[in-house]
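Trainee: Need coordinates for the following:
(one chain, ligands or ions: 2)
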Amino acid sequence: MTAQVFCVANQKGGVGKTTTSVNLAAALAQLGCRTLLVDLDPQGNATMGSGVDKSSLKTSIYPLLVGLSSLAEVRCPTPGGFDLLPANRELAGAEVELVALDRRELRLRDALGSVADDYHMVLVDCPPSLSLLTLNGLCAAHGVIIPMQCEYFALEGLSDLVNSIKRVHAGLNRELRIIGLLRVMFDPRMTLSQQVSDQLVQHFGDKVFSTVIPRNVRLAEAPSYGQSVLAYDPSSRGAQAYRAFGQELLDRLGVSPGAPMQQARVLG
Ligand code: ADP
Ligand code: MG
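Mentor: Ligands and ions are numbered 1, 2, ... in the order given. Got it, this is the predicted structure:
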């Protein structure tokens with residue numbers, strides 16, 4: 001097993017990064033993938049949404065990134081069947097501290113190196129910025145998954161993210177690719193949703209995942225129970241959509257969890 005690492009990134013807040021990270025992690029776990037979720041956002045929403053209390057952590061991703069804890073100390077199992085590197089407010093300080101450290105943008109990559117053989121998939125839930133934390137995510141990753149809300153300003157700012165990805169690809173991480181754009185919070189009753197969705201497909205072609213995540217209240221409710229939607233309401237449309245997305249991702253990558261991971265192939 002050599003883990004494929006994917007960032008879930010979009011510098012806008014509230015576009016479904018954390019919802020996608022947690023529910024994709026749960027879906028991949030159900031599909032038989034050994035999965036690690038990395039919470040790289042000081043808000044700790046992915047941590048809470050995975051059923052781990054961010055206020056009672058003994059250690060977290062912050063000491064891991066600055067070299068004060070080992071990955072084995074930080075990693076914890078979750079009820080959803082995937083492992084987690086949890087985060088809390090402490091991580092906000094990492095921005096400042098990391099600047100002074102050597103290999104400051106490679107800290108996450110270095111940390112994950114020791115567990116690459118433990119997992120099929122590593123998902124990184126990025127903060128809503130193009131900060132040094134997000135840069136750590138991009139440097140550690142093979143690919144980026146970009147959740148996009150199908151609304152009028154969705155495309156605004158996307159070029160900044162794409163340019164950041166290009167810069168990281170050119171200077172720091174030749175393996176980095178955009179795996180795909182995921183349409184989320186889709187509302188079929190809104191003409192606008194359909195129009196923006198069509199525009200995305202026109203612009204980005206087969207980089208747009210064919211699975212569409214609908215707006216579904218169960219997805220919004222699940223985190224307050226510390227559960228993925230797959231556990232909270234397995235038959236909801238949100239759960240069905242994230243299961244389908246997990247399978248589509250594996251199909252795109254040419255991965256089946258039973259097969260040797262060396263055959264994994266990241267689309268260019
Ligand atoms: P981000 O991590 O990009 O800031 P979140 O995943 O936290 O975004 O989502 C923002 C808000 O929207 C949250 O309250 C979440 O529960 C809700 N949400 C996300 N995706 C959906 C969806 N498909 N349907 C309904 N609510 C959603
Ligand atoms: Mg988030």
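Trainee: and the closest residue to ligand 2 within the chain, what does it touch?
Mentor: Proximity to ligand 2, evaluated over the chain using Cβ to the ion, is greatest for residue 18 at 3.3 Å. C-betas here are computed from N, CA, C, even on glycine. Neighbouring residues of residue 18 by Cβ atoms under 8 Å, 6 or more residues apart in numbering: 8, 41, 45-46, 49, 125, 223.
Trainee: So what's the residue count around the nearest residue in space to it that is not next to it in sequence?
Mentor: In this structure, residue 18 finds its nearest non-sequential neighbour in residue 45, 4.5 Å apart by Cβ to Cβ, 6 or more residues apart in numbering. By the criterion of other Cβ atoms under 10 Å, residue 45 has 19 neighbours.
Trainee: Return the alpha-carbon coordinates of the helix or strand that contains residue 160 using PDB.
Mentor: Assessed by DSSP states H and E, residue 160 sits inside helix 158-171. Provided in PDB are the C-alpha atoms of helix 158-171 (Å, rounded to 0.1, in the frame of the first residue of the first chain):
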ATOM      1  CA  LEU A 158     -11.100  29.600  -8.800                       C
ATOM      2  CA  SER A 159      -8.300  31.000 -10.900                       C
ATOM      3  CA  ASP A 160      -6.400  32.000  -7.700                       C
ATOM      4  CA  LEU A 161      -6.600  28.400  -6.500                       C
ATOM      5  CA  VAL A 162      -5.700  27.000  -9.900                       C
ATOM      6  CA  ASN A 163      -2.700  29.400 -10.100                       C
ATOM      7  CA  SER A 164      -1.500  28.300  -6.600                       C
ATOM      8  CA  ILE A 165      -1.800  24.700  -7.700                       C
ATOM      9  CA  LYS A 166       0.300  25.500 -10.800                       C
ATOM     10  CA  ARG A 167       2.900  27.200  -8.700                       C
ATOM     11  CA  VAL A 168       3.200  24.300  -6.300                       C
ATOM     12  CA  HIS A 169       3.400  21.900  -9.200                       C
ATOM     13  CA  ALA A 170       6.100  23.900 -10.900                       C
ATOM     14  CA  GLY A 171       8.300  24.600  -7.800                       C
END
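Trainee: Same question for it: list its buried residues.
Mentor: Buried residues in helix 158-171, defined by neighbour count with 16 or more other Cβ atoms under 10 Å: 158, 161, 164-165, 168-169.
Trainee: Residue numbers of this structure in contact with ligand 1?
Mentor: Residues of the chain lying close to ligand 1 by Cβ under 6 Å from any ligand atom are 13-19, 45, 128, 184-185, 213, 215-216, 219-220, 223.
Trainee: sorry, back to before: could you dump the contacts of residue 18 into a markdown table and include secondary structure and pLDDT?
Mentor: Output for the contacts of residue 18, formatted as a markdown table (DSSP: H, G, I helix; E, B strand; the rest coil; pLDDT from 0 to 100):
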| residue | secondary structure | pLDDT |
| --- | --- | --- |
| 8 | strand | 98 |
| 41 | coil | 97 |
| 45 | helix | 98 |
| 46 | helix | 98 |
| 49 | helix | 98 |
| 125 | strand | 98 |
| 223 | helix | 98 |
